[in-house]
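**Student:** Could you look at this predicted model? Sequence included:
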Amino acid sequence: MIEPHGNLLINRVLRNEDAQRLQERSGHLRHIRLHEELVKDVKNIARGVYSPLTGFMGKTDFESVVHHLKLANGTVWPIPFVLDVTQTVGDDITIGEQVLLVDEVDQAVAVMMVQDKYSCDAKVVAEQVFGTSDNEHPGVAMVQQWQPVLLGGDIELIDNSKEPFNQYNLDPLETRLLFQEKGWTTVTGFQTRNAPHRAHEYLQRIGLELTDGLFINPVIGKKKTGDFTDQAILAAYDYMAKQVYPRQRVVLSILPLQMRYAGPREAILHAIIRKNFGCSHFIVGRDHAGVGNYYGTYAGQEIFNSLEDIGITILKLENSFHCKRCETIATSKTCGHSEADRTGPSGTVIRKLLQAGEVVPTEIMRPEISELLIQQAQIFVD
Amino acid sequence: MAQVQLPDEVYAQLEKIVQQSKEFSDVASYVSYILQQVVEKKQQTSSAQTKQDHTYSQADEDKIRERLKNLGYLD
């Protein structure tokens, strides 16, 4: 089994009795309220999804990540994970203070030992991490909205609940044991934010051909208007995992994560996360984690050419399409016909058809997937 | 700011490195950078050692296996 990133699978989840004891004793602690997406980060840190991170980054790690794509100890890490607080709270907090992180309804999520507090230049961070300081970029907008004081420190998780979608929510410890039980030594990780169409299927089959198993790992959480809903994505992939692919060779599990749309840097993060889940291979296709026209079509693949080996094999796969003369899905590497013979999986076309209750052409999407999506209470985010 | 004494030959070698690399303005900032890295690494190691407390036992592993079975991931 592949080693976790940084060679240590982090586990900051408190056992039930310890969590309960800590919660009882935490009444006097300062409360810091987290929005939903930050709660996801806290849980991901604690469960080892972001190994080797043990908490929110201190200044040394933060600056090293922003400028050098590495933690201060030299481990490759592309995206800063920070806890931002107001100036008033920041001024009041002392280093070494234990704080209680609570969710939007004041339920205890975790405790954090504050080990560092600092500030940053949001414009510099945006330019380094996202390659732009344009506020239209959702990741840049997120950074620009950070409160002025950033806190770093290790966390310990009190609330290990996994709703919604508990039944599809596995930790790295669980997937690693699962892969081991299945006898898989090589596993391809597949990242998605969409319901599957034929081109996705083509990439997934390549993974299945090359490795012992396929780990389908849709990102669940905050989405943009017009994106597939989490329910629709899961319903479609549940069908793929159970009715299309050999059941014993596929695992479907979600990844609750806020997309930063950092393109190439995010592709590295996604690869590291899948490495922590136990994947030996990771598919990076076209426009990975991109948004608008900020990144080149294959920027998510190219960044790995200049990066040291991060311990997971990147499957850099071409844009795939249906070719009417080949009568199958292909890429420019496998099909010599002209553009006129090719039909790509246009998101706009798929959306339009499904919204009208129409089945997408079968060369683009499996008819049973189209029908299953049409039956969903809500296919797309309003 | 605290002062630390270094053997002359070490200082001379560091001075050469600083001149060649051009990343640091003087030996003091270079040494400070290196020591900061050492402290960071040390903190991470001690943090990593803390994690051993959370290492999963056979009983925990059995619980995970049970959950995987209940969810239909394992037969």
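**Tutor:** Yes, it's here.
**Student:** how deep is residue A:288 tucked in, by neighbour count?
**Tutor:** Per other Cβ atoms under 10 Å in any protein chain shown, the neighbour tally for residue A:288 reads 23. Glycine gets a C-beta too; all of them are placed from N, C-alpha and C.
**Student:** ditto for residue A:233
**Tutor:** 25.
**Student:** packing partners for the helix or strand hosting it?
**Tutor:** Applying DSSP states H and E as the criterion places residue A:233 in helix A:230-239. Identification of packing neighbours for helix A:230-239 by 3 or more Cβ pairs under 8 Å, 6 or more residues apart in numbering or on different chains; DSSP states H and E yields strand A:213-220, strand A:250-252, helix A:367-374.
**Student:** what angle sits between the last one and helix A:230-239?
**Tutor:** Inter-element angle recorded for helix A:367-374 and helix A:230-239: 150 degrees (by axes from the mean of the first three to the mean of the last three Cα atoms, to 10 degrees).
**Student:** so how far is helix A:367-374 off the chain centroid?
**Tutor:** The chain centre lies 25 Å from the centre of helix A:367-374; the measure is Cα atoms, centre = their mean, to the nearest Å.
**Student:** Sort out which residues of that helix are buried, please.
**Tutor:** Judged by neighbour count (16 or more other Cβ atoms under 10 Å in any protein chain shown), helix A:367-374 contains these buried residues: A:369, A:370, A:372, A:373, A:374.
**Student:** on that earlier part again, with only the CA atoms kept, save the helix holding residue A:233 in PDB.
**Tutor:** The C-alpha coordinates for helix A:230-239 follow below in PDB (Å, rounded to 0.1, in the frame of the first residue of the first chain):
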ATOM      1  CA  ASP A 230     -24.600  16.200  -4.900                       C
ATOM      2  CA  GLN A 231     -27.600  13.900  -4.900                       C
ATOM      3  CA  ALA A 232     -27.600  13.700  -8.700                       C
ATOM      4  CA  ILE A 233     -23.900  12.900  -8.800                       C
ATOM      5  CA  LEU A 234     -24.100  10.200  -6.200                       C
ATOM      6  CA  ALA A 235     -27.200   8.600  -7.700                       C
ATOM      7  CA  ALA A 236     -25.500   8.400 -11.100                       C
ATOM      8  CA  TYR A 237     -22.200   7.100  -9.700                       C
ATOM      9  CA  ASP A 238     -23.900   4.600  -7.500                       C
ATOM     10  CA  TYR A 239     -25.500   3.200 -10.600                       C
END
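**Student:** quick one: average confidence on it?
**Tutor:** For helix A:230-239, the mean pLDDT works out to 97.
**Student:** Also stretch A:97-114?
**Tutor:** Mean per-residue pLDDT for stretch A:97-114: 95.
**Student:** can you list the residues that contact that stretch?
**Tutor:** Residues from elsewhere that reach stretch A:97-114, judged by Cβ atoms under 8 Å, 6 or more residues apart in numbering or on different chains: A:12, A:22-23, A:26, A:29-36, A:39, A:42-43, A:46, A:55-56, A:83, A:93-96, A:151-159.
**Student:** Can you flag the buried ones in those?
**Tutor:** Buried, going by 16+ other Cβ under 10 Å: A:12, A:22-23, A:26, A:29, A:32, A:34, A:39, A:42-43, A:46, A:55-56, A:83, A:93, A:151-159, out of the contacts of stretch A:97-114.
**Student:** for the buried residues of helix A:367-374, which one is nearest chain B?
**Tutor:** Of all the buried residues of helix A:367-374, residue A:372 has the smallest distance to chain B: 18.9 Å, by Cβ to the nearest Cβ.
**Student:** what's near enough to touch that closest one?
**Tutor:** A:235, A:236, A:239.
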